[in-house]
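Visitor: Fold the following for me, if possible:
(2 chains)
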There are 2 protein chains.
Amino acid sequence: MAEKKLVEAITSMGEDFAQWYTDVVKKAELIEYSSVKGCMILRPNGYAIWEMIQKELDRRFKETGVENVYMPMFIPESLLQKEKDHVEGFAPEVAWVTHGGATELAERLCVRPTSETLFCDLYSNIVQSYRDLPKLYNQWCSVCRWEKTTRPFLRSSEFLWQEGHTAHATAEEAEEKTIEMLNLYAKFCEEVLAIPMIKGRKTDKEKFAGAKATYTIEALMHDGKALQSGTSHNFGDGFAKAFDIQYTDKDNKLKYVHQTSWGMSTRLIGAVIMVHGDDSGLVLPPMVAPVQIMIVPIMQKKEGVLEKAAELAETLSNYRVKVDDTDKSPGWKFAEQEVRGIPLRVEIGPKDIEANQAVIVRRDTREKIVVSLDEINDKIGEVLVTMQAEMLERARQHRDEHTTTAATYEEFKDAVENKPGFIKAMWCGDEACELKIKEDTTATSRCMPFVQETLSDKCVCCGKPAKTMVYWGKAY
Amino acid sequence: MAEKKLVEAITSMGEDFAQWYTDVVKKAELIEYSSVKGCMILRPNGYAIWEMIQKELDRRFKETGVENVYMPMFIPESLLQKEKDHVEGFAPEVAWVTHGGATELAERLCVRPTSETLFCDLYSNIVQSYRDLPKLYNQWCSVCRWEKTTRPFLRSSEFLWQEGHTAHATAEEAEEKTIEMLNLYAKFCEEVLAIPMIKGRKTDKEKFAGAKATYTIEALMHDGKALQSGTSHNFGDGFAKAFDIQYTDKDNKLKYVHQTSWGMSTRLIGAVIMVHGDDSGLVLPPMVAPVQIMIVPIMQKKEGVLEKAAELAETLSNYRVKVDDTDKSPGWKFAEQEVRGIPLRVEIGPKDIEANQAVIVRRDTREKIVVSLDEINDKIGEVLVTMQAEMLERARQHRDEHTTTAATYEEFKDAVENKPGFIKAMWCGDEACELKIKEDTTATSRCMPFVQETLSDKCVCCGKPAKTMVYWGKAY
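Guide: As a prediction, the model looks like this:
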């Protein structure tokens, strides 16, 4: 009865996907709304997922030679204005600090929406010689973009992220790094979050303010909408010229550096929810689950049950395991853990103890596996690996089944209307067609994928000769 | 010659301690000044130390049941004003956001100087029953306090820290937690940073804005000045009443929660520098050193030397080890590593290889230890442990040698003038004496230590009956 209520409190996906999302985020206690408009509170269950992401991503960054730093959270207005495209892109959505205590500041400071300008300012001071290159810096911080409509994890006025900023001697090296980091992102999402990604390049219309080229990884959510999940930008020497970042090369000539930046954010948590979740709540891939296994003692007041559960937790301590020994009913505990998306539940009661066994229940398939306590450690390892792999595979299948090819504009419009998902279609390269498609259908160009196909020789919109295949879709 | 220059660039401690500090911070590449007044950039060498502190402290927090969260960086003005003492303490030094993009905000937001008000707001929403208690939340973030004069790590307009905020059912539990966290801080500083701490309670004059009681750990720097290194506050139910945080107790009555907060910051890096540093630069205790061992190949162009150095790094991979195989001279490398404070240098050249040995050099004592390559792994472990212990012992000795007892006001004034360090003296408990002492001598009350002594029965200032022994000193 009580457990039914807990699950009933979640709107079903089919009925209202947006409400389902909001319900899951709240019922799983990932976030709480705050008194600050557009800002959310990451509660322990939500922040713990971010810590898992951070730890694994940081390890992978460091393996490639990246070093962490911390830059000021404020950017003086004059610094923000140094690169023309960049300021135009960000000025409309920044928060401005005008007073320190009771004193009005001589120059306004914006709360960083991103830190290209600060990194450029630093590099202009510390890069002198080719020996100082490359600089491979990253920071973990919060940034602020004043958003009119906000949604937990997907769009909020403040959010947590990492931003990498690198400076290189040559254009080739910068391009290589841009792609390397995009690949690292995609691999991380597939291996850890079990989310397959389309890798590609953004059109000029969609690229980052001030970038020469923006690369992106795009994922498909359960409702058929796309989510831009990470971006990697090649700045060429544009910022270097605006900020005068020059180095003396081996040939003794002064040269401008070439730069990149790349970022992923708490938005990834939104992706995990919308790719893997179901009508009972969150489903966390084992690799990113702060708690992988919850042991639920059955008839825990009977002598020896709690002791055995604790013993089992000890046996499984090479995983992230907990025992739920609260005085709630098992049914209530099951429902709570389902909402929270804990990958495996292990039930152990008097009868199991007698039979020297326990019951493993997978969160994703609800499959029940009876296993001997002598073999449970290895078995759990296997189940976690299988579950992680199958979750990725299911997500891939869902994406592929929701990817349509459109050869004509009629087909395109029909697909946007009736087949939620990605649409692959040819494009002439003209921004006018991009704008027309957006106006006619609300679909936007997601990316020009690295893996190209020739679907036809004509632009799906204007019929002129096509240059590129593009992934299109409605997006978050 | 070159290496001499590198070291000469550091002013000697004896000549000008403040300049020495600034030189070390810059030459060790811990920080860089930024274009934002009062804000500093934490460079890789500096941030890596913070990461070490964070990792170990976070582990210790979690062992006590603390969970991490993330709160918004902004506080609406009306929220900040809910607790009277608190707003009075912080309003003069906060940064105010007045505009989002081009639009003026309906209500000003301050950039958090600390987050009591936000946590109270959250707790008032999520705490209903005794079952919801205790709440043991912590966050790692940056905070902003508009400072007029700033110094790297010690005082800056923005700094990194952690702030723990807990809510409890009873006053006793809150007091217990306040002390538990202070003890955790002191233990961490002694065990990891090799800095001995005086634990005690702040006088009412020095306590946190809004707190019932503030406890502190105080360290003595090399120049005899004190550094407040961490604080833990018991708020009683003051904030709970201001924010209406009530829970239904087991007896079915509505009761106010009792709260605590506690914080440590990047200031700890300043403490490490000023307790352990010497005229050649930084000296890092092994436990907190991002790189514990730097292997320097001697005559590295000779065949086999670089290979042997890499092999040695492999052997020592259970420590944090690196090989400096750049094309700089060994002397330059030695000097660089001394400035950066790397605990151990290991030299290995053709003659060493022939003799199957290497030379270990301790950064703190410069002791040279010749060791067989067959035993180097164990030996390094021993040396690191010894070095860590001896650094703590030396710091303790320095502090004890620079702690004076003053029975009369003449002795007190003489001590402030001529004996840099802590002064132990009796106090009547009257704020007037605290103020007079500060005015006459610039020394402030550091704390009323937990370990009390009866030095005399009279207040060192007014001669009236003494209540407490107080540690006094000039402070950062």
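
Visitor: Tell me how many other residues surround residue A:315.
Guide: 15 (other Cβ atoms under 10 Å in any protein chain shown). (Each C-beta comes from the backbone N, C-alpha and C, glycine too.)

Visitor: ah, wrong one, I meant residue A:77
Guide: 15.

Visitor: residue contacts, it?
Guide: Taking Cβ atoms under 8 Å, 6 or more residues apart in numbering or on different chains, we find residue A:77 in contact with A:107-110.

Visitor: Let me have the residues you listed in a markdown table, adding pLDDT as columns.
Guide: Below are the contacts of residue A:77 laid out as a markdown table (pLDDT from 0 to 100):
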| residue | pLDDT |
| --- | --- |
| A:107 | 95 |
| A:108 | 94 |
| A:109 | 96 |
| A:110 | 95 |
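
Visitor: Out of the residues you listed, which sit inside helices?
Guide: Among the contacts of residue A:77, DSSP state H puts none in helices.

Visitor: for those residues, which one is nearest chain B?
Guide: Comparing these against chain B with Cβ to the nearest Cβ picks out residue A:109 as the nearest, at 6.7 Å.

Visitor: residues in contact with that closest one?
Guide: By Cβ under 8 Å, 6+ apart, the neighbours of residue A:109 are A:74-77, A:96-97, B:36, B:95.

Visitor: Also residue A:291?
Guide: Residue A:291 neighbours (Cβ under 8 Å, 6+ apart): A:320-322, A:340, A:342.

Visitor: For it, give its distance to residue A:427.
Guide: Note on residue A:291: its distance to residue A:427, by Cβ to Cβ, to the nearest Å, is 45 Å.

Visitor: And residue A:202, by the same measure?
Guide: On the measure of Cβ to Cβ, residue A:202 and residue A:427 end up 13 Å apart.

Visitor: same thing with residue A:258?
Guide: In this view, residue A:258 and residue A:427 are 28 Å apart by Cβ to Cβ.

Visitor: One more: residue A:312?
Guide: Distance of residue A:312 to residue A:427, computed by Cβ to Cβ: 57 Å.

Visitor: next one: residue A:25
Guide: Distance from residue A:25 to residue A:427, by Cβ to Cβ: 35 Å.

Visitor: same question, residue A:414
Guide: Counting by Cβ to Cβ - residue A:414 and residue A:427 are separated by 18 Å.

Visitor: The two: which is more packed in?
Guide: residue A:427 (23 against 14).

Visitor: near chain B, which residues of the stretch 51-200 of chain A?
Guide: By Cβ under 8 Å from any Cβ of the partner chain, the part of the stretch 51-200 of chain A that sits against chain B consists of A:51, A:67-76, A:79, A:91-102, A:109, A:111, A:118, A:121-122, A:125-126, A:137, A:141-142, A:144, A:146, A:157-158, A:160.

Visitor: Now list the buried members of those.
Guide: With burial judged by 16 or more other Cβ atoms under 10 Å in any protein chain shown, the buried subset of these is A:51, A:68-76, A:79, A:91, A:93-100, A:109, A:111, A:118, A:121-122, A:137, A:141-142, A:144, A:146, A:157-158, A:160.

Visitor: Now, these that are in strands?
Guide: Among these, DSSP state E puts A:68, A:74-76, A:95-100, A:109, A:111, A:137, A:141-142, A:144, A:158, A:160 in strands.

Visitor: wait, what's in contact with the residue nearest the centre of chain A?
Guide: Centrality entry for chain A: nearest residue to the mean C-alpha point is residue A:268, 2.0 Å, by Cα atoms, centre = their mean. When contacts are counted by Cβ under 8 Å, 6+ apart, residue A:268 touches A:53, A:189, A:193, A:229-230.

Visitor: State the phi and psi torsions of the residue of the stretch 301-450 of chain A found nearest chain B.
Guide: Residue of the stretch 301-450 of chain A nearest chain B, by Cβ to the nearest Cβ: residue A:326 (8.8 Å). When quoted as degrees, to the nearest 10, the phi and psi of residue A:326 stand at phi -70, psi 170.

Visitor: what about the residue lying closest to it once chain neighbours are set aside, distance to residue A:296?
Guide: Residue nearest to residue A:326 in three dimensions, not counting chain neighbours: residue A:333, with 7.4 Å by Cβ to Cβ, 6 or more residues apart in numbering or on different chains. Per Cβ to Cβ, residue A:333 is found 5 Å from residue A:296.

Visitor: Could you do residue A:178 as well?
Guide: Here the criterion is Cβ to Cβ. By it, residue A:178 lies 47 Å from residue A:296.
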